[in-house]
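> only geometry, no sequence info:
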């Protein structure tokens, strides 16, 4: 951009002022050069290293702290699980006689199928009463009943 | 920045910068010294060294002036230093003390522009950036200030004589 021009009168004022030379009164050139040299020597190329490392670790700590404070609990994932029956289930069910004698089989049957799957209990009364003095094939009851 | 370059910059800009800083504060030498030390600290020289120096000096001078005002020493110190603004030589077209006194009467905005332009050699664009205004405003302030100085110092156009 070109500079605007002054009219002749103002240009004359400008020229007259320009003939004056500013006076440096109190500036100590030697001291200034000494201070400038010392300032340049103090300018270390790695001066930014520690502040940068401090800033980086602070940033990491803040990030992890924020993540820890705002994270959700363990996520619950719902899915359908198909369980194949075990080989033991394929076996033919145990007979009532077996269940009466084998406690473990009875227990397993109850756990799997419930109490209703238990075989009917056999009461002692239904068992054949041994004949006492069986005579002519008659039992005691018959003898009592007459 | 090497000492040779710094020395050249000192020769070229120290006195005009000191004059410029004197318009704004009572400790111009301290302000200019700090600006050059700050320049030496820089890893790379600024693109426009003159504009950079003037801007740093201006900021530091304004800051120093605020502190000085709080201490109420500024006016007395400025009055003491007025007579030493310019070198008194036979080549001067004006009387140094009269010119300093006339400059002192200008408003601070106009005086700042005149000093930066006449003795700092800055363009109006650089001055506008320095004082935070437009180029045209800087130019207008300059013309108004020169008109006042023309009247106060009695400077006439050579063609009219």
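Noted; the coordinates are in hand. All values derive from a computational prediction rather than experimental measurement.

> Looking at chain A, which residue is nearest chain B?
residue A:36 (3.5 Å; C-beta to the nearest C-beta). For every residue, glycine as well, the C-beta is placed using N, CA and C.

> Pull the number of nearby residues for that residue.
When neighbours are defined as other C-beta atoms under 10 Å in any protein chain shown, residue A:36 has 22 of them.

> How about residue B:114: what's its closest non-neighbour residue?
Using C-beta to C-beta, 6 or more residues apart in numbering or on different chains and skipping residues adjacent in sequence, the residue nearest residue B:114 is residue B:145, 4.8 Å away.

> Grab the nearest non-local neighbour of the residue of chain A closest to chain B.
Spatial nearest neighbour of residue A:36, excluding adjacent residues (C-beta to C-beta, 6+ apart): residue B:40 at 3.5 Å.

> Same check on residue B:49?
The spatially closest residue to residue B:49, leaving aside those adjacent along the chain, is residue B:9, at 6.4 Å (C-beta to C-beta, 6+ apart).

> Pretty sure that neighbour sits against residue B:45.
No: at 9.2 Å, residue B:9 does not count as touching residue B:45 under the criterion of C-beta atoms under 8 Å.

> shared neighbours of the two, which are they?
Shared contacts of residue B:9 and residue B:45, defined by C-beta atoms under 8 Å, 6 or more residues apart in numbering or on different chains, are found at residue B:39.

> Comparing the two, which residue is more hemmed in?
Each of residue B:9 and residue B:45 has its neighbours counted (other C-beta under 10 Å); residue B:9 has more, 19 against 13.

> Which of the helices or strands spans that one?
Element membership for residue B:9, per DSSP states H and E: helix B:3-22.

> helix or strand for residue 61, which one?
Picked chain A for this. helix A:49-70.

> Switch to chain B, please.
helix B:49-71.

> Show residues contacting that helix.
With C-beta under 8 Å, 6+ apart as the test, helix B:49-71 has contacts from B:9, B:13, B:17, B:20-21, B:24-28, B:30-32, B:34-36, B:38-39, B:46, B:74, B:77, B:116, B:120-122, B:126, B:129-131.

> which ones among the residues you listed are found in strands?
Among these, none falls in strands (DSSP state E).

> just the buried members of the residues you listed?
Buried members of those, counted by 16 or more other C-beta atoms under 10 Å in any protein chain shown: B:9, B:13, B:17, B:20-21, B:24-28, B:30-32, B:34-36, B:38-39, B:74, B:116, B:120, B:122, B:126, B:129-131.

> Which residue would be the closest one in chain B to chain A?
Nearest residue of chain B to chain A, counting by C-beta to the nearest C-beta: residue B:40, 3.5 Å away.

> Show the pLDDT at that residue.
What the model reports as pLDDT for residue B:40 is 87.

> Any idea how many residues pack against it?
Neighbours of residue B:40 using other C-beta under 10 Å come to 23.

> check contacts around it.
By C-beta under 8 Å, 6+ apart, the contact list for residue B:40 reads A:35-37, A:39-40, B:1, B:6.

> what do you get for residue A:4?
By C-beta under 8 Å, 6+ apart, residue A:4 lies in contact with B:124, B:139.

> Which element is encountered next along the chain beyond the helix or strand of chain A with the lowest mean pLDDT?
Lowest by mean pLDDT, DSSP states H and E among the helices and strands of chain A is helix A:87-90, with a mean of 58. The first helix or strand that comes after helix A:87-90 along the chain, using DSSP H and E, is helix A:96-101.
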